[in-house]
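J.: Need the 3D shape of this:
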Amino acid sequence: MKRENLVLIINAAIMIVVGLLLVVAATQVVPNAPEDLLFNQVVTLKNKESIQPIPDENIYMIVNSKEEAYNNSNQLVGTVYTVIMKNTYGITGPDDTNGYLELLVGIDQNDLVTVEIVELVQSNWTISGIQRYIKTVLKNVPASEVAAIAPYDATNTDLMSGMTATNTTNWIKEMVLLAIDFHENGIPQDPMLIGVEVVVAVEKDGTFEPLEGITAYDYQDGDLTEDIEVIGFDTVNLTAPGTYNYTVQVTDSDNHTTSIPVTLTVTGAEIQVFDDAFGNGYVSIKDNSFAATATVLEKYDVTLNDVAVGTIYKLTGTTIYNDYDVLSGDISLYVALDLDNIILQIDLPSAEYNHSKGGYYTASLDFAVEYEGVDLAIVRTHGADILAGSTARSRNLMIDLLEDLKEVVLG
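T.: From the prediction side, this is the model:
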């Protein structure tokens, strides 16, 4: 063999060996496996402990196993839990009718929590949003703060909107909380309620099923979904905007009970004439804690896109309204105020205006328009023209009612 060929062969062999050494070294120092990414370093999992075998049931959420993670210096860096869930959301395909999630939940020595996906089987269009949610939200979170993570926003298109993705990410949060609970307390004695949202909303006159998407599971009894109770939902009135409370509850065979209180807001505007004042789609909810006076009867809190924008008050008063001081009657007006107590609009419903109608009523409507944009604090001194005649009494009554409102709002 020529000397030149021998040198080439030796050099090639050296390069191969160096390459192999680099590959081996990279696997020892560059984190790439899911368990490595939990701790941002290469780790070895040891001392695996089986916690709960996979149940032969349609739905479940379990901590399947526990392992210890050691770095290349054989130092313990954290604990890894495999958490598995089979849920009721179907996926595309002829054979599998249930979604499946398998996660690694890593808890380091400083109680920081990070999550990695082992397997994610859900509707295809939700997967990228769910993955992004885990990568951006569940990374190096203090264990004590996981419960306070804000609910997934289905309207955020960056995270793939949709109810399937929303519920799945909420379930993922519960899976992580289950791992944390096991890490701190061992196998839970109380049954688990899965999929309960503690704050929910429904449009006025809409439909709402309090148990939709909710399941229950117990480590000893298995699936307890059929045993879930809803307590207090009979007080909810879906036709009346407001805030209601009820409880979702389940009890296992050992008489251990899990109860989750739910706050349900029925949204919608009971008074729907103020789109020009507040914008299309505003929501008004009656303030049942408002202390009514003889003339200021009701208060409504108004929001637009979940942001407070003002209030609505119902005012009612009675006065003599003709020239002969014989007849008297009551009128009602609804006053829309912004957050600075500027009058945005005054509505005088004809059905609640029991003074002279026709041109007299039209004149009162015109009078109300003159107060749009006026600070409530100066209603008496605004200087609107009060004409003589029968409408003057109606107008004076309107000003008196606004003065009463000023006293209530401004003191």
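J.: Only C-alpha atoms from now on, for both contacts and neighbour counts.
T.: Fine.
J.: ok, residues contacting the longest strand seen in the chain?
T.: Ranked by residue count, the top strand of the chain under DSSP state E comes out as strand 307-320. Contact partners of strand 307-320, identified using Cα atoms under 8 Å, 6 or more residues apart in numbering, comprise 278, 284, 295-303, 326-339, 341, 393-394, 397, 401, 405.
J.: Give the buried residues for that strand.
T.: Val309, Gly310, Thr311, Ile312, Tyr313, Lys314, Leu315, Thr316, Gly317, Thr318, Thr319, Ile320 (16 or more other Cα atoms under 10 Å).
J.: is the second one in a bridge, and if so with what?
T.: I take that to be Gly310. Val302, Asp338 (DSSP bridges).
J.: how close does it sit to Thr247?
T.: From Gly310 across to Thr247, the span is 31 Å (Cα to Cα, to the nearest Å).
J.: Tell me which stretches of the stretch 51-200 of the chain form strands.
T.: Per DSSP state E, counting those that start in this stretch, the stretch 51-200 of the chain has strands spanning 60-70, 76-87, 99-108, 112-121, 141-142, 192-194, 199-203. These are given in chain order.
J.: Do a quick rundown of the strands in the stretch 251-400 of the chain.
T.: Counting by DSSP E, counting those that start in this stretch, the strands of the stretch 251-400 of the chain are 257-267, 283-286, 296-304, 307-320, 328-338, 343-347.
J.: Now stretch 330-344: average pLDDT?
T.: If you average the pLDDT over stretch 330-344, you get 95.
J.: Show the end-to-end separation of it, please.
T.: Criterion Cα to Cα; first-to-last residue distance in stretch 330-344 is 23 Å.
J.: Now do that stretch: distance to the chain's middle.
T.: 31 Å (Cα atoms, centre = their mean, to the nearest Å).
J.: same check, this time on stretch 351-358
T.: Here stretch 351-358 is found 44 Å from its chain centre; the criterion is Cα atoms, centre = their mean.
J.: If you drop the residues flanking it in sequence, what lies closest to Pro85?
T.: Not quite, residue 85 is Met, not Pro. Nearest non-adjacent residue to Met85, counting by Cα to Cα, 6 or more residues apart in numbering: Met61, 4.3 Å away.
J.: Flag the shaky bits of the chain, pLDDT-wise.
T.: Scanning the chain for pLDDT under 70 picks out 1-14, 17-30, 88-97, 151-167, 322-326, 382-391.
J.: Domains in it, by residue range?
T.: 31-188, 195-267, 275-410 (automatic domain parsing).
J.: Rebuild these as CSV, extending it with distance to Ile16.
T.: Formatted as CSV, those follow (distance: least, Cα to Cα, whole Å):
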stretch, distance to Ile16
domain 31-188, 23
domain 195-267, 53
domain 275-410, 63
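J.: Figure out which of those is closest to Met15.
T.: When those are compared by Cα to Cα, domain 31-188 sits nearest Met15, at 24.3 Å.
J.: Show me what stretch 277-291 is in contact with.
T.: 241-242, 267-271, 275, 298-305, 309-310, 312, 336, 344-345.
J.: Is it possible to mark the buried ones in the residues you listed?
T.: The neighbour-count test (16+ other Cα under 10 Å) marks 241-242, 267-269, 298-303, 309-310, 312, 336, 344-345 as buried among these.
J.: quick one: the helices in the chain?
T.: Using DSSP state H, the helices of the chain run over 3-29, 34-39, 124-137, 163-185, 275-278, 359-369, 390-410.
J.: Any chance of the strands of the stretch 51-200 of the chain in CSV with distance to Asp223 and mean neighbour count as columns?
T.: CSV is the format used below for the strands of the stretch 51-200 of the chain (distance: least, Cα to Cα, whole Å; neighbours: other Cα atoms under 10 Å):
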stretch, distance to Asp223, mean neighbour count
strand 60-70, 7, 23
strand 76-87, 11, 22
strand 99-108, 16, 24
strand 112-121, 21, 20
strand 141-142, 30, 16
strand 192-194, 10, 23
strand 199-203, 25, 14
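J.: Rebuild the ones you listed as JSON lines, extending it with distance to Asp36.
T.: As requested, the strands of the stretch 51-200 of the chain are exported to JSON lines (distance: least, Cα to Cα, whole Å):
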{"stretch": "strand 60-70", "distance to Asp36": "9"}
{"stretch": "strand 76-87", "distance to Asp36": "10"}
{"stretch": "strand 99-108", "distance to Asp36": "10"}
{"stretch": "strand 112-121", "distance to Asp36": "10"}
{"stretch": "strand 141-142", "distance to Asp36": "17"}
{"stretch": "strand 192-194", "distance to Asp36": "29"}
{"stretch": "strand 199-203", "distance to Asp36": "36"}
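J.: burial measure for Pro55, as a count.
T.: Residues near Pro55, counting by other Cα atoms under 10 Å, number 14.
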